[in-house]
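Trainee: Pasting the sequence and the predicted coordinates here, then a few questions.
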Amino acid sequence: MNDAGSHVASDDIAAIREAVRALCAGFPGEYWRELDRARAYPTRFVQALTEAGFLAALIPEEFGGSGLTMRAATAIMEEIQASGCNGAACHAQMYIMGTVLRHGSAAQKARWLPGIASGELRLQAFGVTEPTSGTDTLSLRTTAVRDGDAYVVNGQKIWTSRAEHSDLMLLLARTTPREQAASRTAGLSVFLVDMRAAKGLTIRPIRTLMNHATTEVFFDDMVVPAENLIGEEGKGFRYILAGMNAERILIGAECIGDAKWFIEKASAYGKERVVFGRPIGQNQGVQFPIARAYAQMRAAELMVHEAAALYEAGRECGAEANMAKLLAADASWAAADMCVQTFGGFGFAEDFDIERKLRETRLYQVAPISTNLILSYLAEHTLGLPRSY
Ligand SMILES: Cc1cc2nc3c(=O)[nH]c(=O)nc-3n(C[C@H](O)[C@H](O)[C@H](O)COP(=O)(O)OP(=O)(O)OC[C@H]3O[C@@H](n4cnc5c(N)ncnc54)[C@H](O)[C@@H]3O)c2cc1C
């Protein structure tokens, strides 16, 4: 359960949506296209969202955050995407801190959260995935070995997004060798690494299909003070899992925003583009795919709302958060494909932003968790089928 209050009424959420839309209007297609070509980070956009308090939505007011609900946070992420912007540049600032909030000591919360809330401390990097273990997180090989009042970290992460644009990284590392751990899931620990001060840390950018500021990170005897261990040693996997519902719900909301953007573009174009003497949208062959994408988006949106409401009420929402992310990612990808088809050749032209948004939304079939793994979760945990991996 998050600690944020549940005091945001629906009309406040409407005001939040309007405020996000107004901010995003200052970052039109040309801004994103230029960054996309240069594979550059949208620093100005992230700063604007930070200053407006949107990225601190889920941090309680006592720590300087906005103290908003999960429903408000989903509205923020959805509106960013629906405006044609790219929240992937900064969405992690919203949810990574949840691990510190839920499992950190009072001293850690007081030390870190106000800076994260103000944006003075950027907590954008989440170091879980490794090249050899992939989705099998429990096989990760990065080690953190206790040495007096510090831990010494060695190993490698991959796809650590925004590491070059973050001050802190939430790192998952093995503190007890797998064969000596008390259980299958024990022996991993979570650290808040201050990358500004870290020695033995190398970050290398990875160019990807879309502009995503992702990297690989190498740890070579990197020293992390023991006071940066979050919660108890060995329980890190549980802490990371606890944060995943929020991540899935928020990314589901981003996908809904993307789907809305594609549907809006296609509907407008269907009315305005005239071929064979009539608007293309007058043909059922063109309008039915738009209508189908809309229906698919609305169904997924309901699941995002249900997951957010359960999360806010402090109720179990693993299945709903996973389904929200699965259905929303499917809806955004279907809408992207439909939009390209509706635009014909112009769907491929950079100036229309459709090909950029299509590349950006494709990620959510794979990250932060792939579609197959969500289906495995549902099969096992909801339907009681045998565990498949
Ligand atoms: C642009 C980008 C940004 C990312 N950002 C971050 C980040 O900030 N931090 C971070 O820690 N990670 C990040 N990731 C990593 C992301 O979470 C993983 O890529 C994702 O979880 C899939 O893991 P993998 O790439 O290792 O695929 P693998 O685990 O190698 O799997 C490959 C394929 O096989 C399928 N598969 C594997 N096992 C099974 C099974 N048992 N049953 C069925 N199918 C299976 C998977 O679904 C996948 O399609 C990012 C990835 C990308 C591409």
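Mentor: All right, it came through fine. Residues are numbered from 1 along each chain as shown.
Trainee: Can you give me the pLDDT of Met1?
Mentor: The per-residue pLDDT reported for Met1 equals 29.
Trainee: Just the closest residue of the protein to the ligand, please.
Mentor: Gly134 (2.7 Å; CB to the nearest ligand atom). No exception for glycine: its C-beta is placed from N, CA and C like everyone else's.
Trainee: and that residue, that one's in a strand?
Mentor: No - secondary structure of Gly134 (DSSP: H, G, I helix; E, B strand; the rest coil): coil, not part of a strand.
Trainee: Tell me where the stretch 251-389 of the chain has helices.
Mentor: According to DSSP state H, counting those that start in this stretch, the stretch 251-389 of the chain carries its helices in the segments 284-312, 318-343, 354-362, 371-377.
Trainee: Please list all residues in contact with the closest residue to Gly29 other than its chain neighbours.
Mentor: Take Gly29 and drop its neighbours on the chain: the residue closest to it by CB to CB, 6 or more residues apart in numbering is Asp353, 4.6 Å away. Residues near Asp353 by CB atoms under 8 Å, 6 or more residues apart in numbering: Gly29, Trp32, Arg33, Gly84.
Trainee: buried set for stretch 171-181?
Mentor: Within stretch 171-181, the residues that count as buried by 16 or more other CB atoms under 10 Å are Leu171, Leu172, Ala173, Arg174, Thr175, Thr176, Ala181.
Trainee: Start and end of it, how far apart?
Mentor: Stretch 171-181 has its terminal residues 19 Å apart, counting by CA to CA, to the nearest Å.
Trainee: taking the mean pLDDT, what do you get for it?
Mentor: 97.
Trainee: Is the ligand within reach of it?
Mentor: No - residues of stretch 171-181 are not located near the ligand by CB under 6 Å from any ligand atom, the shortest gap being 8.0 Å.
Trainee: So what's the gap between that stretch and the chain middle?
Mentor: Distance of stretch 171-181 from the chain centroid (CA atoms, centre = their mean, to the nearest Å) equals 26 Å.
Trainee: Could you do stretch 88-98 as well?
Mentor: Using CA atoms, centre = their mean, the offset of stretch 88-98 from its chain centre is 6 Å.
Trainee: quick one: that stretch near the ligand?
Mentor: No - Stretch 88-98 stays clear of the ligand (CB under 6 Å from any ligand atom), getting no nearer than 6.7 Å.
Trainee: now stretch 117-127
Mentor: Yes - Stretch 117-127 reaches the ligand (CB under 6 Å from any ligand atom) through Phe126, Gly127.
Trainee: Pull up the distance across that stretch, start to finish.
Mentor: 20 Å.
Trainee: Could I get the buried residue list for it?
Mentor: Burial within stretch 117-127, assessed by neighbour count using 16+ other CB under 10 Å, is assigned to Ala117, Ser118, Gly119, Leu121, Arg122, Leu123, Gln124, Ala125, Phe126, Gly127.
Trainee: With stretch 241-253 instead?
Mentor: Judged by neighbour count (16+ other CB under 10 Å), stretch 241-253 contains these buried residues: Gly243, Met244, Asn245, Ala246, Glu247, Arg248, Ile249, Leu250, Ile251, Gly252, Ala253.
Trainee: Kindly report the same for stretch 198-209.
Mentor: Quick answer for stretch 198-209 (16+ other CB under 10 Å): Leu201, Ile203.
Trainee: Please determine whether that stretch lies in contact with the ligand.
Mentor: Yes - judged by CB under 6 Å from any ligand atom, stretch 198-209 comes into contact with the ligand through Thr208.
Trainee: what's that stretch in contact with?
Mentor: Identification of contacts with stretch 198-209 by CB under 8 Å, 6+ apart yields 39, 153, 158-160, 163-164, 193, 195, 213-224, 359, 362-363.
Trainee: for the chain, what are the low-confidence residue spans?
Mentor: Counting by pLDDT under 70, the chain contains low-confidence ranges at 1-11.
Trainee: and it, what are its domains?
Mentor: 10-118, 123-234, 238-382 (automatic domain parsing).
Trainee: Just send those domains back as a markdown table, with distance to Tyr389 too.
Mentor: Compiled in a markdown table, the domains of the chain are given as follows (distance: least, CB to CB, whole Å):
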| stretch | distance to Tyr389 |
| --- | --- |
| domain 10-118 | 25 |
| domain 123-234 | 8 |
| domain 238-382 | 6 |
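Trainee: number of nearby residues for Val152?
Mentor: Other residues near Val152 come to 17 when the count uses other CB atoms under 10 Å.
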